[in-house]
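Colleague: only geometry, no sequence info:
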(Lines give C-alpha, C1' and ligand atoms only; values in the text may rest on other atoms or scores of the structure.)
Protein backbone atom coordinates (compact mmCIF):
# COMPACT_ATOMS: atom_id res chain seq x y z
CA UNK A 1 0.00 0.00 0.00
CA UNK A 2 1.39 3.43 -0.82
CA UNK A 3 1.21 6.74 0.95
CA UNK A 4 -1.82 8.19 -0.90
CA UNK A 5 -3.96 5.23 0.08
CA UNK A 6 -2.71 5.50 3.63
CA UNK A 7 -3.78 9.14 3.84
CA UNK A 8 -7.38 8.21 3.05
CA UNK A 9 -7.79 6.41 6.34
CA UNK A 10 -9.65 8.38 8.95
CA UNK A 11 -7.38 7.32 11.79
CA UNK A 12 -4.32 8.41 9.84
CA UNK A 13 -5.85 11.83 9.16
CA UNK A 14 -6.62 12.14 12.86
CA UNK A 15 -3.10 11.09 13.72
CA UNK A 16 -1.63 13.72 11.39
CA UNK A 17 -3.84 16.40 12.89
CA UNK A 18 -2.89 15.29 16.41
CA UNK A 19 0.78 15.44 15.42
CA UNK A 20 0.34 18.99 14.16
CA UNK A 21 -1.46 20.18 17.31
CA UNK A 22 1.04 18.45 19.56
CA UNK A 23 3.94 19.98 17.66
CA UNK A 24 2.50 23.47 18.02
CA UNK A 25 1.84 23.17 21.78
CA UNK A 26 5.09 21.34 22.54
CA UNK A 27 7.18 23.50 20.22
CA UNK A 28 6.14 26.62 22.10
CA UNK A 29 6.02 25.43 25.73
CA UNK A 30 9.04 23.21 25.15
CA UNK A 31 11.12 26.27 24.22
CA UNK A 32 10.13 27.87 27.51
CA UNK A 33 10.95 24.66 29.40
CA UNK A 34 14.33 24.12 27.75
CA UNK A 35 15.43 27.78 27.93
CA UNK A 36 14.53 28.01 31.57
CA UNK A 37 16.06 24.61 32.39
CA UNK A 38 12.74 23.22 33.59
CA UNK A 39 13.08 19.82 31.94
CA UNK A 40 13.33 17.96 35.25
CA UNK A 41 10.31 19.84 36.65
CA UNK A 42 8.41 18.81 33.53
CA UNK A 43 9.48 15.21 34.06
CA UNK A 44 8.07 15.38 37.59
CA UNK A 45 4.76 16.79 36.41
CA UNK A 46 4.52 14.17 33.67
CA UNK A 47 5.02 11.22 35.98
CA UNK A 48 2.86 12.68 38.77
CA UNK A 49 -0.01 12.70 36.30
CA UNK A 50 0.05 8.88 36.23
CA UNK A 51 -1.56 8.98 39.67
CA UNK A 52 -4.54 10.68 38.05
CA UNK A 53 -4.69 8.04 35.33
CA UNK A 54 -4.89 5.34 38.02
CA UNK A 55 -7.63 7.11 39.99
CA UNK A 56 -9.53 7.65 36.74
CA UNK A 57 -9.52 3.91 36.08
CA UNK A 58 -10.46 3.09 39.66
CA UNK A 59 -13.36 5.53 39.95
CA UNK A 60 -14.44 5.08 36.36
CA UNK A 61 -13.92 8.53 34.88
CA UNK A 62 -11.69 9.58 31.99
CA UNK A 63 -8.08 8.79 32.95
CA UNK A 64 -6.93 11.85 31.00
CA UNK A 65 -9.07 14.12 33.21
CA UNK A 66 -7.46 12.55 36.26
CA UNK A 67 -4.06 13.07 34.69
CA UNK A 68 -4.88 16.75 34.08
CA UNK A 69 -5.88 17.31 37.72
CA UNK A 70 -2.76 15.57 39.02
CA UNK A 71 -0.46 17.36 36.61
CA UNK A 72 -1.80 20.80 37.51
CA UNK A 73 -1.64 20.00 41.24
CA UNK A 74 1.93 18.74 40.90
CA UNK A 75 2.87 21.85 38.91
CA UNK A 76 1.39 24.23 41.48
CA UNK A 77 2.95 22.32 44.38
CA UNK A 78 6.40 22.36 42.81
CA UNK A 79 6.14 26.06 42.01
CA UNK A 80 4.84 26.93 45.47
CA UNK A 81 7.26 24.89 47.56
CA UNK A 82 10.21 26.01 45.47
CA UNK A 83 9.26 29.69 45.69
CA UNK A 84 8.97 29.51 49.45
CA UNK A 85 12.22 27.57 49.64
CA UNK A 86 10.62 25.02 51.94
CA UNK A 87 12.24 22.08 50.21
CA UNK A 88 14.95 21.74 47.63
CA UNK A 89 13.51 22.07 44.17
CA UNK A 90 14.84 18.74 42.87
CA UNK A 91 13.71 16.89 45.98
CA UNK A 92 10.15 18.20 45.58
CA UNK A 93 10.18 17.02 41.98
CA UNK A 94 11.50 13.56 42.88
CA UNK A 95 8.85 13.11 45.58
CA UNK A 96 5.95 14.13 43.34
CA UNK A 97 7.38 12.09 40.47
CA UNK A 98 7.44 8.84 42.44
CA UNK A 99 4.26 9.57 44.42
CA UNK A 100 2.32 9.93 41.18
CA UNK A 101 3.68 6.69 39.77
CA UNK A 102 3.03 4.87 43.07
CA UNK A 103 -0.58 6.06 43.29
CA UNK A 104 -1.13 5.13 39.67
CA UNK A 105 0.12 1.58 40.18
CA UNK A 106 -1.89 1.10 43.41
CA UNK A 107 -5.17 2.29 41.92
CA UNK A 108 -4.74 0.33 38.71
CA UNK A 109 -4.00 -2.77 40.80
CA UNK A 110 -7.15 -2.14 42.86
CA UNK A 111 -9.30 -1.70 39.76
CA UNK A 112 -11.10 -4.96 39.05
CA UNK A 113 -10.26 -6.61 35.74
CA UNK A 114 -7.77 -5.64 33.10
CA UNK A 115 -6.90 -1.96 32.58
CA UNK A 116 -7.41 -1.39 28.89
CA UNK A 117 -5.15 1.09 27.10
CA UNK A 118 -2.76 1.28 30.03
CA UNK A 119 0.15 0.93 27.65
CA UNK A 120 -1.19 3.78 25.53
CA UNK A 121 -0.92 6.12 28.54
CA UNK A 122 2.63 5.06 29.19
CA UNK A 123 3.88 5.04 25.61
CA UNK A 124 1.27 7.03 23.72
CA UNK A 125 -0.97 6.01 20.88
CA UNK A 126 -1.34 8.67 18.28
CA UNK A 127 -3.33 6.44 15.93
CA UNK A 128 -6.15 5.97 18.43
CA UNK A 129 -6.87 9.65 19.13
CA UNK A 130 -10.58 10.44 19.22
CA UNK A 131 -12.59 13.48 18.12
CA UNK A 132 -12.72 14.60 21.76
CA UNK A 133 -8.94 14.29 22.09
CA UNK A 134 -8.51 16.38 18.97
CA UNK A 135 -10.88 19.08 20.20
CA UNK A 136 -9.02 19.31 23.51
CA UNK A 137 -5.68 19.40 21.75
CA UNK A 138 -6.93 22.13 19.42
CA UNK A 139 -8.12 24.23 22.36
CA UNK A 140 -4.76 23.77 24.07
CA UNK A 141 -2.69 24.58 20.99
CA UNK A 142 -4.72 27.77 20.50
CA UNK A 143 -4.42 28.78 24.20
CA UNK A 144 -0.68 28.18 24.25
CA UNK A 145 -0.14 30.10 21.00
CA UNK A 146 -2.29 33.05 22.05
CA UNK A 147 -0.66 33.27 25.49
CA UNK A 148 2.89 33.15 24.15
CA UNK A 149 2.18 35.60 21.34
CA UNK A 150 0.45 38.16 23.58
CA UNK A 151 2.87 37.80 26.47
CA UNK A 152 5.99 37.05 24.45
CA UNK A 153 8.10 39.84 25.93
CA UNK A 154 7.17 39.46 29.61
CA UNK A 155 7.63 35.68 29.36
CA UNK A 156 11.04 36.08 27.73
CA UNK A 157 12.16 38.62 30.31
CA UNK A 158 10.96 36.58 33.29
CA UNK A 159 12.60 33.44 31.97
CA UNK A 160 15.89 35.29 31.49
CA UNK A 161 16.07 37.36 34.68
CA UNK A 162 13.19 37.06 37.10
CA UNK A 163 14.45 39.61 39.64
CA UNK A 164 15.00 42.27 37.03
CA UNK A 165 11.56 41.59 35.53
CA UNK A 166 10.12 42.13 39.01
CA UNK A 167 11.79 45.54 39.28
CA UNK A 168 10.10 46.51 36.00
CA UNK A 169 6.71 45.79 37.55
CA UNK A 170 6.00 42.60 35.60
CA UNK A 171 3.69 40.32 37.67
CA UNK A 172 6.30 37.59 37.87
CA UNK A 173 4.62 35.28 40.38
CA UNK A 174 1.28 35.35 38.55
CA UNK A 175 2.92 34.61 35.20
CA UNK A 176 5.05 31.84 36.70
CA UNK A 177 1.88 30.09 37.88
CA UNK A 178 0.09 30.65 34.57
CA UNK A 179 3.04 29.24 32.65
CA UNK A 180 3.51 26.19 34.86
CA UNK A 181 -0.21 25.40 34.39
CA UNK A 182 0.20 25.68 30.62
CA UNK A 183 3.22 23.38 30.84
CA UNK A 184 1.16 20.85 32.84
CA UNK A 185 -1.72 20.94 30.35
CA UNK A 186 0.62 20.62 27.37
CA UNK A 187 2.14 17.56 28.99
CA UNK A 188 -1.23 15.97 29.71
CA UNK A 189 -2.51 16.36 26.19
CA UNK A 190 0.75 15.07 24.76
CA UNK A 191 0.37 11.96 26.91
CA UNK A 192 -2.35 10.81 24.49
CA UNK A 193 0.08 10.94 21.60
CA UNK A 194 3.56 10.50 23.05
CA UNK A 195 2.89 8.79 26.39
CA UNK A 196 4.05 9.57 29.91
CA UNK A 197 7.43 7.96 29.42
CA UNK A 198 8.16 9.56 26.06
CA UNK A 199 6.58 13.02 26.31
CA UNK A 200 9.74 14.74 27.57
CA UNK A 201 11.47 14.14 24.28
CA UNK A 202 8.87 16.01 22.19
CA UNK A 203 9.32 18.93 24.59
CA UNK A 204 13.12 18.98 24.37
CA UNK A 205 14.58 17.38 21.24
CA UNK A 206 13.03 19.71 18.60
CA UNK A 207 14.22 22.69 20.69
CA UNK A 208 17.74 21.34 20.92
CA UNK A 209 17.82 20.68 17.18
CA UNK A 210 16.70 24.25 16.42
CA UNK A 211 19.04 25.64 19.06
CA UNK A 212 21.95 24.26 17.04
CA UNK A 213 21.18 26.80 14.35
CA UNK A 214 19.69 29.78 16.18
CA UNK A 215 19.90 31.22 19.65
CA UNK A 216 16.77 33.34 19.66
CA UNK A 217 13.74 32.46 21.77
CA UNK A 218 11.13 33.19 19.10
CA UNK A 219 12.97 31.38 16.34
CA UNK A 220 13.50 28.30 18.49
CA UNK A 221 9.72 28.15 19.02
CA UNK A 222 8.91 28.30 15.32
CA UNK A 223 11.72 25.92 14.37
CA UNK A 224 10.65 23.42 17.03
CA UNK A 225 7.07 23.38 15.77
CA UNK A 226 8.25 22.60 12.24
CA UNK A 227 10.80 19.98 13.31
CA UNK A 228 8.37 18.38 15.77
CA UNK A 229 5.75 18.08 13.02
CA UNK A 230 8.18 16.65 10.44
CA UNK A 231 9.47 14.11 12.95
CA UNK A 232 5.94 13.08 13.96
CA UNK A 233 4.88 12.54 10.34
CA UNK A 234 8.03 10.63 9.47
CA UNK A 235 7.74 8.57 12.64
CA UNK A 236 4.09 7.78 11.93
CA UNK A 237 4.75 6.62 8.40
CA UNK A 238 7.74 4.52 9.46
CA UNK A 239 5.74 3.02 12.34
CA UNK A 240 2.93 2.14 9.97
CA UNK A 241 5.08 0.45 7.37
CA UNK A 242 7.18 -1.50 9.83
CA UNK A 243 4.25 -2.15 12.14
CA UNK A 244 6.01 -0.87 15.25
CA UNK A 245 4.71 1.44 18.07
CA UNK A 246 4.18 5.00 16.77
CA UNK A 247 5.18 6.98 19.90
CA UNK A 248 8.52 5.22 20.23
CA UNK A 249 9.17 5.57 16.50
CA UNK A 250 8.55 9.34 16.63
CA UNK A 251 11.05 9.69 19.47
CA UNK A 252 13.58 7.56 17.64
CA UNK A 253 13.12 9.72 14.53
CA UNK A 254 13.71 12.86 16.64
CA UNK A 255 16.95 11.50 18.07
CA UNK A 256 18.19 10.50 14.60
CA UNK A 257 17.28 13.99 13.35
CA UNK A 258 19.21 15.54 16.24
CA UNK A 259 22.32 13.50 15.44
CA UNK A 260 22.00 14.37 11.74
CA UNK A 261 21.55 18.08 12.54
CA UNK A 262 24.53 18.03 14.84
CA UNK A 263 26.66 16.40 12.15
CA UNK A 264 25.54 18.93 9.55
CA UNK A 265 26.26 21.76 11.98
CA UNK A 266 29.79 20.57 12.76
CA UNK A 267 30.56 19.92 9.08
CA UNK A 268 29.17 23.27 7.93
CA UNK A 269 29.98 25.72 10.68
CA UNK A 270 32.70 23.98 12.67
CA UNK A 271 32.45 23.58 16.39
CA UNK A 272 32.09 27.20 17.37
CA UNK A 273 28.67 27.98 18.76
CA UNK A 274 26.15 29.90 16.67
CA UNK A 275 29.04 31.61 14.89
CA UNK A 276 27.05 31.97 11.69
CA UNK A 277 24.27 33.70 13.54
CA UNK A 278 26.10 36.73 14.82
CA UNK A 279 26.25 38.67 11.58
CA UNK A 280 22.49 39.07 11.31
CA UNK B 1 16.12 70.95 50.54
CA UNK B 2 13.91 69.06 48.09
CA UNK B 3 11.98 66.04 49.11
CA UNK B 4 14.23 62.98 48.77
CA UNK B 5 13.57 60.41 46.03
CA UNK B 6 13.87 57.72 48.63
CA UNK B 7 13.78 58.00 52.37
CA UNK B 8 14.69 55.16 54.67
CA UNK B 9 14.02 55.52 58.38
CA UNK B 10 15.39 53.23 61.12
CA UNK B 11 15.04 50.19 58.93
CA UNK B 12 15.93 46.62 59.89
CA UNK B 13 16.21 43.92 57.27
CA UNK B 14 16.48 40.24 58.06
CA UNK B 15 17.42 37.63 55.52
CA UNK B 16 16.95 33.94 56.30
CA UNK B 17 16.24 34.87 59.93
CA UNK B 18 19.51 36.74 60.23
CA UNK B 19 19.47 40.45 60.72
CA UNK B 20 21.54 41.87 57.88
CA UNK B 21 20.81 45.56 58.36
CA UNK B 22 20.15 47.31 61.67
CA UNK B 23 18.63 50.70 62.20
CA UNK B 24 19.52 52.07 58.80
CA UNK B 25 18.46 55.58 57.86
CA UNK B 26 19.33 57.38 54.66
CA UNK B 27 17.75 59.84 52.25
CA UNK B 28 18.56 59.77 48.58
CA UNK B 29 18.32 63.24 47.09
CA UNK B 30 17.95 64.28 43.47
CA UNK B 31 21.18 64.33 41.42
CA UNK B 32 23.24 62.82 44.22
CA UNK B 33 25.92 60.27 43.34
CA UNK B 34 26.18 58.02 46.37
CA UNK B 35 28.96 55.50 46.66
CA UNK B 36 28.02 52.59 48.91
CA UNK B 37 31.04 50.92 50.43
CA UNK B 38 31.56 48.28 53.07
CA UNK B 39 32.94 44.80 53.56
CA UNK B 40 31.54 41.72 51.84
CA UNK B 41 28.54 40.40 53.68
CA UNK B 42 28.00 43.81 55.29
CA UNK B 43 24.59 44.21 53.68
CA UNK B 44 25.28 46.41 50.65
CA UNK B 45 23.36 44.23 48.24
CA UNK B 46 20.55 43.78 50.74
CA UNK B 47 20.17 47.55 51.01
CA UNK B 48 20.09 47.81 47.21
CA UNK B 49 17.43 45.09 46.97
CA UNK B 50 15.21 46.93 49.41
CA UNK B 51 15.62 50.14 47.44
CA UNK B 52 14.63 48.51 44.12
CA UNK B 53 11.73 46.76 45.85
CA UNK B 54 12.93 43.14 45.78
CA UNK B 55 13.13 42.82 49.57
CA UNK B 56 10.91 44.18 52.29
CA UNK B 57 12.19 45.66 55.55
CA UNK B 58 11.36 43.71 58.70
CA UNK B 59 10.87 46.94 60.60
CA UNK B 60 11.23 50.65 60.01
CA UNK B 61 10.10 52.40 56.87
CA UNK B 62 11.11 53.06 53.31
CA UNK B 63 9.32 55.68 51.25
CA UNK B 64 9.60 56.24 47.53
CA UNK B 65 8.54 59.53 45.98
CA UNK B 66 9.37 58.11 42.55
CA UNK B 67 7.67 55.33 40.63
CA UNK B 68 9.20 51.90 40.62
CA UNK B 69 9.65 52.20 36.87
CA UNK B 70 11.73 55.35 37.44
CA UNK B 71 14.48 53.17 38.89
CA UNK B 72 17.10 51.61 36.62
CA UNK B 73 18.77 48.57 38.16
CA UNK B 74 21.99 46.74 37.43
CA UNK B 75 22.08 43.65 39.64
CA UNK B 76 25.27 42.14 40.95
CA UNK B 77 26.94 39.86 38.40
CA UNK B 78 25.12 36.72 39.31
CA UNK B 79 25.17 33.55 37.32
CA UNK B 80 22.86 34.54 34.54
CA UNK B 81 22.37 31.55 32.27
CA UNK B 82 24.68 32.39 29.37
CA UNK B 83 23.08 29.69 27.23
CA UNK B 84 19.72 31.46 27.47
CA UNK B 85 18.49 32.24 23.96
CA UNK B 86 18.29 36.02 24.08
CA UNK B 87 20.06 38.77 22.16
CA UNK B 88 21.73 41.94 23.43
CA UNK B 89 18.93 44.03 21.96
CA UNK B 90 16.24 41.93 23.65
CA UNK B 91 17.99 42.22 27.02
CA UNK B 92 18.22 45.99 26.66
CA UNK B 93 14.57 46.19 25.59
CA UNK B 94 13.54 44.50 28.83
CA UNK B 95 14.63 47.65 30.67
CA UNK B 96 11.76 49.52 29.05
CA UNK B 97 9.00 47.36 30.50
CA UNK B 98 6.48 48.98 32.81
CA UNK B 99 4.14 46.42 34.28
CA UNK B 100 2.45 43.81 32.13
CA UNK B 101 2.31 44.82 28.50
CA UNK B 102 1.27 42.70 25.58
CA UNK B 103 2.56 42.45 22.04
CA UNK B 104 5.76 41.38 20.35
CA UNK B 105 7.03 44.49 18.60
CA UNK B 106 8.55 47.55 20.23
CA UNK B 107 7.20 50.97 19.28
CA UNK B 108 9.28 53.40 17.20
CA UNK B 109 9.96 55.48 20.31
CA UNK B 110 11.08 52.41 22.22
CA UNK B 111 13.35 51.31 19.40
CA UNK B 112 14.91 54.77 19.36
CA UNK B 113 15.61 54.54 23.09
CA UNK B 114 17.10 51.07 22.66
CA UNK B 115 19.35 52.35 19.85
CA UNK B 116 20.49 55.24 22.02
CA UNK B 117 21.29 52.99 24.96
CA UNK B 118 23.22 50.60 22.68
CA UNK B 119 25.11 53.53 21.16
CA UNK B 120 25.94 54.99 24.58
CA UNK B 121 27.41 51.70 25.78
CA UNK B 122 29.18 50.93 22.50
CA UNK B 123 27.06 47.87 21.76
CA UNK B 124 25.54 48.89 18.43
CA UNK B 125 27.53 46.35 16.43
CA UNK B 126 26.71 43.59 18.92
CA UNK B 127 22.96 44.24 19.05
CA UNK B 128 21.91 40.91 17.55
CA UNK B 129 24.49 38.81 19.32
CA UNK B 130 23.24 36.14 21.74
CA UNK B 131 24.46 36.94 25.25
CA UNK B 132 26.35 33.65 25.42
CA UNK B 133 28.84 35.02 22.91
CA UNK B 134 29.71 38.16 24.86
CA UNK B 135 32.83 38.79 26.90
CA UNK B 136 32.49 39.72 30.57
CA UNK B 137 32.83 43.41 29.80
CA UNK B 138 30.35 43.26 26.92
CA UNK B 139 27.83 41.51 29.13
CA UNK B 140 28.27 44.12 31.84
CA UNK B 141 27.78 46.89 29.24
CA UNK B 142 24.59 45.13 28.14
CA UNK B 143 23.40 45.17 31.76
CA UNK B 144 24.26 48.87 31.99
CA UNK B 145 22.34 49.59 28.78
CA UNK B 146 19.36 47.68 30.20
CA UNK B 147 19.52 49.72 33.42
CA UNK B 148 19.72 53.08 31.65
CA UNK B 149 17.52 52.55 28.59
CA UNK B 150 14.42 53.95 30.30
CA UNK B 151 16.25 57.18 31.30
CA UNK B 152 15.49 56.43 34.95
CA UNK B 153 15.46 59.12 37.61
CA UNK B 154 17.45 56.86 39.91
CA UNK B 155 20.14 54.53 38.66
CA UNK B 156 21.08 51.74 41.08
CA UNK B 157 24.26 49.83 40.27
CA UNK B 158 25.44 46.84 42.29
CA UNK B 159 29.13 46.32 41.58
CA UNK B 160 29.10 47.14 37.87
CA UNK B 161 32.89 47.08 37.86
CA UNK B 162 33.37 43.37 38.56
CA UNK B 163 34.60 41.12 35.77
CA UNK B 164 35.45 44.04 33.51
CA UNK B 165 38.78 45.21 32.18
CA UNK B 166 40.42 48.50 33.17
CA UNK B 167 39.58 50.11 29.85
CA UNK B 168 35.87 49.53 30.36
CA UNK B 169 36.11 50.53 34.00
CA UNK B 170 37.36 54.00 33.05
CA UNK B 171 34.74 54.30 30.31
CA UNK B 172 32.09 53.25 32.79
CA UNK B 173 33.04 55.91 35.30
CA UNK B 174 33.10 58.74 32.78
CA UNK B 175 29.76 57.50 31.43
CA UNK B 176 28.31 57.53 34.95
CA UNK B 177 29.62 61.06 35.45
CA UNK B 178 27.73 62.17 32.33
CA UNK B 179 24.59 60.30 33.35
CA UNK B 180 24.72 61.93 36.77
CA UNK B 181 23.82 65.24 35.11
CA UNK B 182 20.39 63.79 34.38
CA UNK B 183 19.89 61.19 37.07
CA UNK B 184 20.63 60.28 40.64
CA UNK B 185 23.08 57.41 41.02
CA UNK B 186 23.56 54.85 43.76
CA UNK B 187 26.69 52.80 43.22
CA UNK B 188 27.91 49.82 45.19
CA UNK B 189 31.59 49.28 44.69
CA UNK B 190 34.54 47.43 46.16
CA UNK B 191 36.92 49.78 44.54
CA UNK B 192 35.59 53.12 45.67
CA UNK B 193 38.88 54.98 45.39
CA UNK B 194 38.94 54.79 41.63
CA UNK B 195 35.70 56.66 41.23
CA UNK B 196 35.63 58.84 44.27
CA UNK B 197 36.17 62.10 42.33
CA UNK B 198 32.80 61.54 40.63
CA UNK B 199 31.03 60.36 43.74
CA UNK B 200 29.41 63.12 45.74
CA UNK B 201 28.59 61.34 48.98
CA UNK B 202 29.55 58.07 50.62
CA UNK B 203 27.54 55.56 52.63
CA UNK B 204 29.39 52.95 54.67
CA UNK B 205 27.33 49.82 55.10
CA UNK B 206 28.39 47.23 57.63
CA UNK B 207 25.22 45.93 59.33
CA UNK B 208 24.41 49.57 60.02
CA UNK B 209 24.90 52.55 57.79
CA UNK B 210 27.00 55.66 58.16
CA UNK B 211 26.35 58.43 55.73
CA UNK B 212 29.07 60.80 54.80
CA UNK B 213 27.98 63.92 52.98
CA UNK B 214 31.19 64.45 51.05
CA UNK B 215 33.41 62.25 48.95
CA UNK B 216 36.39 62.63 51.25
CA UNK B 217 36.65 59.92 53.76
CA UNK B 218 39.56 59.23 56.03
CA UNK B 219 41.08 56.20 57.55
CA UNK B 220 39.96 57.29 61.01
CA UNK B 221 36.38 57.80 59.92
CA UNK B 222 36.26 54.39 58.34
CA UNK B 223 37.62 52.94 61.54
CA UNK B 224 34.83 54.50 63.53
CA UNK B 225 32.30 53.19 61.02
CA UNK B 226 33.65 49.62 61.24
CA UNK B 227 34.08 49.77 57.51
CA UNK B 228 37.12 47.70 56.71
CA UNK B 229 37.57 48.18 53.00
CA UNK B 230 40.51 48.73 50.78
CA UNK B 231 40.78 52.02 49.03
CA UNK B 232 42.77 51.98 45.85
CA UNK B 233 43.75 55.24 44.26
CA UNK B 234 45.75 56.34 41.28
CA UNK B 235 46.34 59.32 39.03
CA UNK B 236 45.18 62.65 40.30
CA UNK B 237 43.02 61.24 43.03
CA UNK B 238 44.12 62.21 46.53
CA UNK B 239 45.98 59.28 47.94
CA UNK B 240 44.73 57.46 51.00
CA UNK B 241 46.10 54.18 52.20
CA UNK B 242 43.92 52.05 54.40
CA UNK B 243 45.13 49.88 57.18
CA UNK B 244 43.82 46.39 57.67
CA UNK B 245 40.87 46.44 60.02
CA UNK B 246 39.92 43.79 62.49
CA UNK B 247 37.17 41.53 61.22
CA UNK B 248 33.96 41.36 63.17
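Modeller: Thanks, I have it. Please read these numbers as outputs of a predicted model, since none were measured by experiment.
Colleague: what separation is there between the residue lying farthest from the centre of chain B and residue A:39?
Modeller: The outermost residue of chain B, judged by C-alpha distance from the chain's mean C-alpha position using CA atoms, centre = their mean, is residue B:103 at 30.1 Å. Between residue B:103 and residue A:39 the distance, using CB to CB, to the nearest Å, works out to 29 Å. From N, CA and C alone the C-beta is placed, and that goes for glycine too.
Colleague: hang on, the earlier thing: what does the residue farthest from the centre of chain B show for phi and psi?
Modeller: Here the main-chain torsion angles of residue B:103 (degrees, to the nearest 10) amount to phi 100, psi 160.
Colleague: surely it and residue A:151 touch.
Modeller: No - Residue B:103 is not in contact with residue A:151 according to CB atoms under 8 Å; the separation is 9.1 Å.
Colleague: tell me the pLDDT of residue 240.
Modeller: Reading this off chain A. The pLDDT attached to residue A:240 in the predicted structure is 89.
Colleague: wait, chain B
Modeller: On the pLDDT scale, residue B:240 is placed at 47.
Colleague: do the same with residue A:181
Modeller: Per-residue confidence (pLDDT) for residue A:181: 97.
Colleague: quick one: name the residues of the stretch 101-250 of chain A near chain B.
Modeller: For the stretch 101-250 of chain A, the residues in contact with chain B under the definition CB under 8 Å from any CB of the partner chain are A:149-154, A:156-157, A:159-161, A:163-171, A:175, A:211, A:214-218, A:220.
Colleague: on that earlier part again, contacting residues around the residue farthest from the centre of chain B?
Modeller: Neighbour list for residue B:103: A:150, A:152-153 [criterion: CB atoms under 8 Å, 6 or more residues apart in numbering or on different chains].
Colleague: cool, and residue B:198?
Modeller: Counting by CB under 8 Å, 6+ apart, residue B:198 touches B:33, B:173, B:176-177, B:180.
Colleague: which stretches of chain B form strands?
Modeller: Read by DSSP state E, chain B holds these strands, from start to end of the chain: B:6-15, B:18-28, B:33-37, B:59-64, B:71-74, B:154-158, B:184-188, B:201-206, B:208-212.
Colleague: can I get those in CSV with distance to chain A and mean pLDDT?
Modeller: Written out in CSV, the entries for these read as follows (distance: least, CB to the nearest CB, whole Å; pLDDT from 0 to 100):
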stretch, distance to chain A, mean pLDDT
strand B:6-15, 12, 90
strand B:18-28, 14, 89
strand B:33-37, 17, 89
strand B:59-64, 12, 92
strand B:71-74, 5, 95
strand B:154-158, 9, 95
strand B:184-188, 13, 93
strand B:201-206, 20, 84
strand B:208-212, 21, 79
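Colleague: Serialize the ones you listed to CSV and add fields for distance to residue A:128 and mean neighbour count.
Modeller: Listed next are the strands of chain B as CSV, based on distance: least, CB to CB, whole Å; neighbours: other CB atoms under 10 Å in any protein chain shown:
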stretch, distance to residue A:128, mean neighbour count
strand B:6-15, 54, 17
strand B:18-28, 58, 18
strand B:33-37, 64, 25
strand B:59-64, 59, 14
strand B:71-74, 53, 25
strand B:154-158, 56, 24
strand B:184-188, 61, 25
strand B:201-206, 65, 23
strand B:208-212, 68, 19
